[in-house]
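Undergrad: Structure, please.
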Amino acid sequence: MKYYRIFIPLFVYALLLPGSFAQDVTQWHVFKGNKTYPGPTLTNAIVFSPDGTQLAIAGINGITLYDTYTGEAFALLPSLIRHVTALAFSPDNRIIASTNESSTIHLWNAQTRENITNLISHTDPVVALAFSPDGNMLASGSFKEIRLWDLTLGQINRATVLRGHRDMVTTLAFSPDSKTLASASFYGTILLWDVETFQLRHRLSAPVDSIQALAFSPDSQTLASGGYWNSDAESTIRVWHIHTGQLMTTFENHTAPVFALAFAPDVYGINGITLASAGWDNTIRMWDPHTEQLQAIFGEYTAPVLALAFLPDVHGSDGKALATASLDGTIQLRPLTARLARMPSDVNNDGVVNILDLTFVASRFGQSSPDLNGDGIVNVLDLVLVAQHIRQ
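TA: Down below sits the predicted model:
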């Protein structure tokens, strides 16, 4: 992973960036080491197709499609969708939904890149999109309302309207079982909806000024949220129980706002699951929601990380990768292994904990990363943790 969340950040980013935006890409291959290449600046969404064969990157200049086997950019969707703010693949890979700061939703054939149809129902700009995993629904969010489009009908021309937010809907997420829709707003409210009855199940409130990211766990039981701009809680990730609406735990190791969240396939975590978070502190952090422990920090990014996505596990053990998009227009694909996710003391990410990690931690004393024990500062306690993991 788009909305009001995009309108204000884009204005801020425009003050920081040069006028020209990167368009060219170099060839990369997902499965051969960490690869970094220039992508479109101001990436608003980065999404893999469900079968893992395509990577779609939406930015201020439109939607670019990449082949994940060759790394080649093979399509740029037409200019009518410049300034894309939200993007979603249908579960069967056949449809791409997009919106571009208007009240219109564009549906595209992912193979031919032709415009299938446009959905016109909202009266305010549409800034969030999500397909249900079962393929039956498309959710769209705008000011104070969500519309659920029934994709099982022969012709998509009507939508069920859900009202409950008092401000702009910033992001949407369906649970993996397609039974729950989570919607978040600009002023920190999360609503959980029953997709079958269209009834509001829970209203969750977080002390942040804007919810920017939502992610459901693979078992559909928990929801992670992240936001920004509240000085007391801007870097906090919250994990909620969707059936009770209760706050289960918080992760507070980021030192700046969190812009993106994603749960990894179950092979990454120590207990079968890993939550990845990306933030304005130029880092990716990997968490184990069961043990509430930080598993790894990837801190070599040169700009805030705005979006991330996991490559679906469809290529076997060599096909696991994390894609990230940064404010400077850099797209990186990082191969992941279960071993890497289980070694938070491997701070230089070379696959082994050794003297190089000790040296790196010692050189970062007094800074905020890599803060292995989560106390907010790199110090001798972090050095001890690395020493304990050498040769384990």
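
Undergrad: Could you pull out the helices in the chain for me?
TA: Here the chain has its helices, by DSSP state H, at 4-16, 338-341, 355-363, 380-389.

Undergrad: and those, which one's lowest on average pLDDT?
TA: For these, mean pLDDT drops lowest on helix 4-16, to a mean of 30.

Undergrad: where in the stretch 151-300 of the chain is pLDDT low?
TA: Scanning the stretch 151-300 of the chain with the threshold set as pLDDT under 70 gives 154-155, 157, 207-209, 229-234, 265-272.

Undergrad: for it, what spans make up the strands?
TA: Residue ranges of the strands in the stretch 151-300 of the chain, as given by DSSP state E, counting those that start in this stretch, are 159-174, 180-185, 189-194, 200-205, 210-216, 222-228, 237-241, 247-251, 258-263, 275-279, 284-288, 293-298.

Undergrad: In JSON lines: those strands, plus distance to residue 146.
TA: To be clear about C-beta, it is placed using only N, CA and C from the backbone, and glycine gets the same treatment. Converted to JSON lines, the strands of the stretch 151-300 of the chain look like this (distance: least, Cβ to Cβ, whole Å):
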{"stretch": "strand 159-174", "distance to residue 146": "4"}
{"stretch": "strand 180-185", "distance to residue 146": "5"}
{"stretch": "strand 189-194", "distance to residue 146": "8"}
{"stretch": "strand 200-205", "distance to residue 146": "11"}
{"stretch": "strand 210-216", "distance to residue 146": "13"}
{"stretch": "strand 222-228", "distance to residue 146": "16"}
{"stretch": "strand 237-241", "distance to residue 146": "18"}
{"stretch": "strand 247-251", "distance to residue 146": "23"}
{"stretch": "strand 258-263", "distance to residue 146": "20"}
{"stretch": "strand 275-279", "distance to residue 146": "25"}
{"stretch": "strand 284-288", "distance to residue 146": "28"}
{"stretch": "strand 293-298", "distance to residue 146": "33"}
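
Undergrad: just so I know, which of those lies nearest residue 46?
TA: Nearest of the strands of the stretch 151-300 of the chain to residue 46, taken as Cβ to Cβ: strand 258-263 at 8.6 Å.

Undergrad: Check which helices and strands that closest one sits against.
TA: Secondary-structure packing of strand 258-263 (3 or more Cβ pairs under 8 Å, 6 or more residues apart in numbering; DSSP states H and E): strand 210-216, strand 222-228, strand 275-279, strand 305-310.

Undergrad: can you redo these as a markdown table with mean neighbour count and distance to residue 91?
TA: Below are the helices and strands packed on strand 258-263 laid out as a markdown table (neighbours: other Cβ atoms under 10 Å; distance: least, Cβ to Cβ, whole Å):
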| stretch | mean neighbour count | distance to residue 91 |
| --- | --- | --- |
| strand 210-216 | 25 | 14 |
| strand 222-228 | 26 | 19 |
| strand 275-279 | 27 | 21 |
| strand 305-310 | 23 | 15 |
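
Undergrad: Of those strands, which is nearest residue 109?
TA: strand 305-310 (21.5 Å).

Undergrad: Could you tell me the angle between the closest one and strand 275-279?
TA: Angle, strand 305-310 to strand 275-279, by axes from the mean of the first three to the mean of the last three Cα atoms, to 10 degrees: 160 degrees.

Undergrad: can you list contacts of strand 305-310?
TA: 1, 9, 43-48, 55, 259-260, 262, 264-265, 276, 278-279, 282-284, 320-327 (Cβ atoms under 8 Å, 6 or more residues apart in numbering).
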